[in-house]
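Fold the following for me, if possible:
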Amino acid sequence: MNFLRKLLTPSVVTLLLIKRLGISLFCLFLTRIVFFAANNEAFTGVSFSDFLYGGWFDLITISLIMLPFWGLYLFPIRNHYRNSKVYHLFFRGLFHIVNSALLLFNLIDVEYFKYTSKRSTADLFSFVGTSNDMSQLVFVFVKDFWFLIVLFVGFIFLVDFLYRKTERKIEEVNFVYWKAILRFFVWSSILLIIGRGGFGLRPTGIIEASKFTKVENTALVLNTPFTIVKTFGKKALNIKEFISLEEEQKLFNPVRETQPQNILPDQTNVLVLILESFGSEYAGLTSENSFTPFFDSILEQSLFFENGFSNGKKSIEAVPSILASIPTLMDSPYISSSYGNNKINSLATLLKKEGYSSAFFHGATNGSMRFDGFAKQVGFDAYFGRKEYGNEKHYDNTWGILDEYFTPWSARKMSELKAPFLASLFTLSSHHPYYIPKDKLKYTLEGPEPICASLSYADYSLRLFFEEAKKQPWFNNTLFVLVADHTPSTSSAFYNKRTQMYKIPIGLYYPSQPNLLKKRESKVFQHVDIMPTVLDLLNIQTKYYSFGASCFNNEFENEALVYLEGVHYAFNENKMLSFSRGKARNLYNHNSGKIYEQDSLLFYKKEVEMIEDKMKAIIQRYSRDLIQNQTTVD
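From the prediction side, this is the model:
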């Protein structure tokens, strides 16, 4: 213990380092004050805790960006080298370079935030590098924002003054090399742990800010160097200019207005059941070898979309598509992209205006895929995960709480929500490594893939959920949306095709009067169509922003759009068009049932042109609105 205490006790060198990093921390705090003073109208209900949590993000940032400085400074060398003039000049210069970058980016957002309503991310460099007007804009910025330059210079002088106060001659001590190396690794480890934001499953990201403050105030808690670092290397969008704005507006407009259907009663509850990997290959009424008999029985009583499509191949891509009608049409999933902190509308925010409470349920370890942060970001009142469940005996030792326990528990918890409510329940047991308790194997069906038995176990768990839900007072007055997050991995040549790898079952079920909705629908229906359709069924009268459309709309597009590895794929009733580098590449029939399909691009020129123009309009609007943070109707 004494030895460990000595290692953790800061030496003179370590104390000087802490003081110098403290200078950076102090400067970031001051720039946050400036940022708030210049943009205070953008924030509501600001409290001292916002600045306290902001300090934590500043500490993470300093530990990350100052790594070259503190890494070299802690490196074990004798003190007489540290006392040399060259040593002092080198570290003072290195500190100023890194710290000035921190200050510069924070000060840029003092004004730039007014235009974007978010902290700048790595796409700022994309804008600077691609804008043809930057040479002219530089002079405009200097003219209009000269006070920021003055402030920046003032900070540099302040930093230099404070840094010089920390410079001193370090007395020579008995130098033991192995002890110095050990101390170096101990303190480096501490700073690296701070740099990742603690011991969580994942390093702290941008979206975690919503856990610490109101969604409207996340930009105040964050700092710009942090958001840039966290998005650096993640491919940002570039504004596309395929067609004129007039043409774009005619072809696609994500600002929509509901068309209440008056089919279901007002104040109907909504439960969105997102089913892990329930792809059409092994689940749903279109599957030749379904392993989900209970799920299928629900679909038989539902408005069932036999041409359902996911808007991605990952769970992290499904959640914003389903709940906020924002697909991932770029390399980074929307949640973890540089736009993950944008202001968007969702089912939660839109229904909150109608008096709905809301909760998101996911049995995984809290922080998994950042769903808890996203749920807070898009307006859910509560989040229930493994932590809230509170019984580790039901943990699957991989992902979280087994569905057979978590889903019935969730049904009971929903009875505690104030009606009417919106709830989203995301299952997890049909996720690799497909763990099934031994005593439940008798309820499963074996199939050609390891996931088959896991899907049947998830289906068994879904049955347990409905058995429990039927006992709850809210059951009969609830619209159930049953949808897969994505298709599973497969060894099937057919289901690995681009034409098939997004096909999922989607159903809308109203248990008290199934015949109100019961229908087998052949229209192409995608994740992003769910929110608009639900709003129409709830008889909500409002405007909203969505990349999908209600299936009840007379102008329903009957299409789906996905993105993978630089290629966009558009699906309509029968065809799938691939589009990349500004032009159409292939056209296939996605309903032929054939493993090998002939490219028919050259045989349907007019149809290709129509689909291509529509894709251009969507992609163009998508990139522009995400970059400019214009993804709401407010």
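
List the contacts of the closest residue to residue 201 other than its chain neighbours.
Spatial nearest neighbour of residue 201, chain neighbours left out: residue 367 (4.9 Å); criterion: C-beta to C-beta, 6 or more residues apart in numbering. Heads up, the C-betas are built off the backbone N, CA and C, glycines and all. Neighbouring residues of residue 367 by C-beta atoms under 8 Å, 6 or more residues apart in numbering: 200-202, 373.

Quick check: the two most widely separated of these?
201 and 373 (12.1 Å; C-beta to C-beta).

These two - which one has more neighbours?
residue 373 (25 against 11; other C-beta atoms under 10 Å).

Quick one: list the elements packing against the helix or strand where residue 182 lies.
Using DSSP states H and E, residue 182 maps to helix 177-195. Counting contacts by 3 or more C-beta pairs under 8 Å, 6 or more residues apart in numbering; DSSP states H and E, helix 177-195 packs against helix 2-8, helix 48-65, helix 67-74.

can you put the contacts of residue 367 in CSV and add pLDDT and secondary structure?
Shown next, in CSV, are those (pLDDT from 0 to 100; DSSP: H, G, I helix; E, B strand; the rest coil):
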residue, pLDDT, secondary structure
200, 77, coil
201, 73, coil
202, 78, coil
373, 91, helix
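
hang on, the earlier thing: could you check how far the helix holding residue 182 is from the centre of its chain?
Relative to its chain's centre, helix 177-195 lies at 33 Å (C-alpha atoms, centre = their mean, to the nearest Å).

between it and helix 67-74, how big is the angle?
160 degrees (axes from the mean of the first three to the mean of the last three C-alpha atoms, to 10 degrees).

in helix 177-195, what's buried?
180, 183-184, 187, 191, 194-195 (16 or more other C-beta atoms under 10 Å).

now the helices and strands packed on helix 177-195 as JSON lines including mean neighbour count and distance to residue 229?
Output for the helices and strands packed on helix 177-195, formatted as JSON lines (neighbours: other C-beta atoms under 10 Å; distance: least, C-beta to C-beta, whole Å):
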{"stretch": "helix 2-8", "mean neighbour count": "10", "distance to residue 229": "28"}
{"stretch": "helix 48-65", "mean neighbour count": "19", "distance to residue 229": "6"}
{"stretch": "helix 67-74", "mean neighbour count": "17", "distance to residue 229": "11"}
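
So for residue 268, which of those helices sits nearest?
Minimum separation from residue 268 across the helices and strands packed on helix 177-195 (C-beta to C-beta) falls at helix 48-65, 36.8 Å.

part of a helix, is residue 207?
Yes. Counting by DSSP: H, G, I helix; E, B strand; the rest coil, residue 207 is part of a helix.

before we move on, the earlier item: nearest to residue 213 among the helices and strands packed on helix 177-195 would be which one?
The minimum distance between residue 213 and the helices and strands packed on helix 177-195 falls on helix 48-65, with 5.2 Å, by C-beta to C-beta.

by contact count, what packs against the closest one?
Here helix 48-65 touches helix 12-39, helix 85-116, helix 177-195, helix 218-221, helix 224-231, going by 3+ C-beta pairs under 8 Å, 6+ apart.

Least confident of these, on average?
If the helices and strands packed on helix 48-65 are sorted by mean pLDDT, helix 177-195 sits at the bottom with a mean of 83.

what angle do that one and helix 48-65 make?
130 degrees.

How much space separates the closest residue to residue 257 other than its chain neighbours from residue 534?
Leaving aside its sequence neighbours, residue 257 sits nearest to residue 543 (C-beta to C-beta, 6+ apart; 5.0 Å). For residue 543, the distance to residue 534 (C-beta to C-beta, to the nearest Å) stands at 16 Å.

Those two: which is more packed in?
residue 534 (24 against 13).

from what I can see that one touches residue 348, true?
No. Residue 534 lies out of contact with residue 348 (C-beta atoms under 8 Å); the separation is 11.6 Å.

Which neighbours do those two have in common?
Joint contacts of residue 534 and residue 348 (C-beta under 8 Å, 6+ apart) do not exist.

Residue 151 - how many residues pack around it?
17.

now swap in residue 609 and tell me
11.

Kindly report the same for residue 496.
By other C-beta under 10 Å, 14 other residues sit near residue 496.

How is it assigned, secondary-structure-wise?
coil.

do the same with residue 521
From three-state DSSP, the assignment for residue 521 is strand.

so where is this protein shaky, pLDDT-wise?
Applying pLDDT under 70 to the chain picks out residues 1-10, 115-116, 123-143, 172-176, 215, 234-236.

Break the chain down into its structural domains.
Per automatic domain parsing, the domain ranges recorded for the chain read 2-231, 259-552.

Pick the most buried one from the ones you listed.
domain 259-552 (a mean of 21; mean count of other C-beta atoms under 10 Å).
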